[in-house]
Structures are given as structure tokens and as C-alpha cells.
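# Model the following, please.
(chains A, B, C and D)
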Protein chains: 2
Amino acid sequence: MARKLIFDSAGLLRFAERLKAVRKERNVTQEELAFRADLALSQIARIETARTNTTLSTVFAIARALEVPLPELFNFNLPEEREKLD
Amino acid sequence: MARKLIFDSAGLLRFAERLKAVRKERNVTQEELAFRADLALSQIARIETARTNTTLSTVFAIARALEVPLPELFNFNLPEEREKLD
DNA sequence: TAACTATATAGCACAAATGCTATAACATCT
DNA sequence: AGATGTTATAGCATTTGTGCTATATAGTTA
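Numbers count the residues shown, from 1 in each chain, chains lettered A, B, ... in the order given. The predicted model follows:
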């Protein structure tokens, strides 16, 4: 059975750090971002602590709310290899 | 009740088009991409037809498999407003 | 200290992403 | 026409994302 899991901790951590940096550059609180993006505050916190593998729609909403171009929001390097979890 | 839905059709369509373009630039089939990224072929097809709201982990796996930097994979403009679905 | 703000965490319910398998549709050839 | 390769679609089971609410833990300021 054992389905394949795809949670990429290392990559999600890079994204979390980048998002937090971009948000702080703009002096926006998690709560304000949640409001602007029409997302739950808990979800913003989960993303910034890399505890959830969020979706593109959510990322797009955040990018619009922060008025940050996608290439800038994704301006970080992925760790080479995903760590195996099996 | 009616939970909020966040499926961003317009944004996902832009990503679908961009991914397809990047993949074709590299002369890689969906099947080959699926194999390299360790994803299901059906999932690649769903993403390229914008029928799924995929996650960051999946996007990261694809970026690694195609050896495309994230800013390049996300080098497209989001439609200004998400279309309301209610 | 206390009050206030910001962030993190937890649990539940519902919706959806993904793997898997099979099949269909479509394209490009000989 | 047929054969072959590529892409799209479908259904099911399992896992997980997200909203929602509440609470806890910093951090800051009076």
C-alpha cells in the first residue's frame, strides 16, 4: 500500500523564509496579509512555519495581496535533492 | 455553511501554459517529466490542463526535473483579479 | 506588572490533491 | 487503413490543504 508522500520540507522551508522576508519588507502583519488575500490567519502562519504544503491558488492570492511579482516571490534556490522520507 | 473555495482558474491556466512551454522547450514528454519528477503521468496532465490546484512540493519536483529555476517557471503575469465563484 | 499586539499551535470538518489504473482522444507516421 | 507515440480523461482510495475557532506563546509598550 504505502502511498508515496511528496511533502518537500526543505523546499517549503525556503519558500516560508522568502515569504516572511517579502512580507516584512512591506511592513505587513500576518493578519493584514490574511485579510487582504482573503485567507485564514492560521493558514498564513502554517505557510510561514513550513507546516503545510500550500497550493498555487493560495500562493497567487498572497502574491496579489503583497503586490509582489511571482518571479520575485520565488527568487530563491531550491535545495538540490528532496530528502527521502521512506 | 458554504466554505470558501479558492480554486484560481485564471492563475492556474497561466501556470499550465507556462509549464507546457518550458517542457516543450526542453523536448520532454509528459511521461518523461512524470518519471523524472517521480509523479504520476495523470498529475502532469491535470496540471497542464489546469484541472488541479497543485501544491508547491509538486511544483518543486517539476522544476528540479526540468532543471528550470523557479523564477523562470513563474515568469508570467497573474491576471489582476481572481474571478469570483459564489 | 499589566495591557496589547503579533505569531504560533491545535483540533475538527469539509474539500481537494495525488497516486494508481485503465481507457479514450489525438497526432504523426508508414 | 493501421501502428505508434503523446496527451487527456475517468474513478476510486488515501492523504492533505484550508477554514474556522480557540488558545497559547512571544514581543512590545505603557
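
# roughly how far is stretch A:42-58 from the heart of the chain?
Stretch A:42-58 sits 5 Å away from the centroid of its parent chain (C-alpha atoms, centre = their mean, to the nearest Å).

# Flag every buried residue along it.
Residues of stretch A:42-58 classed as buried by neighbour count (16 or more other C-beta atoms under 10 Å in any protein chain shown): A:43-44, A:47-48, A:50, A:52-58. (C-beta placed from N, C-alpha, C; glycine too.)

# Now for these: which two are most distant?
A:Ala50 and A:Ser57 (18.5 Å; C-beta to C-beta).

# where's A:Arg51 relative to A:Ser9, distance?
Using C-beta to C-beta, to the nearest Å, one gets 10 Å for the distance from A:Arg51 to A:Ser9.

# of all the residues in chain A, which ones are close to chain B?
Taking C-beta under 8 Å from any C-beta of the partner chain, the part of chain A that reaches chain B is made up of A:4, A:6-8, A:11-12, A:15, A:38-39, A:53-61, A:63-64, A:69-78, A:80, A:82.

# Recalculate using a threshold of 7 Å.
Residues of chain A found near chain B (C-beta under 7 Å from any C-beta of the partner chain) are A:6-8, A:11-12, A:15, A:53-58, A:60-61, A:63-64, A:70-71, A:74-75, A:78, A:82.

# Restricting to those residues, which residues neighbour DNA strand D?
Intersecting those with the surroundings of DNA strand D, defined as C-beta under 7 Å from any atom of the strand, gives A:7, A:53-55, A:57-58.

# Now pLDDT too, for those, in a markdown table please.
As requested, these are exported to a markdown table (pLDDT from 0 to 100):
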| residue | pLDDT |
| --- | --- |
| A:Phe7 | 95 |
| A:Asn53 | 98 |
| A:Thr54 | 98 |
| A:Thr55 | 98 |
| A:Ser57 | 98 |
| A:Thr58 | 98 |
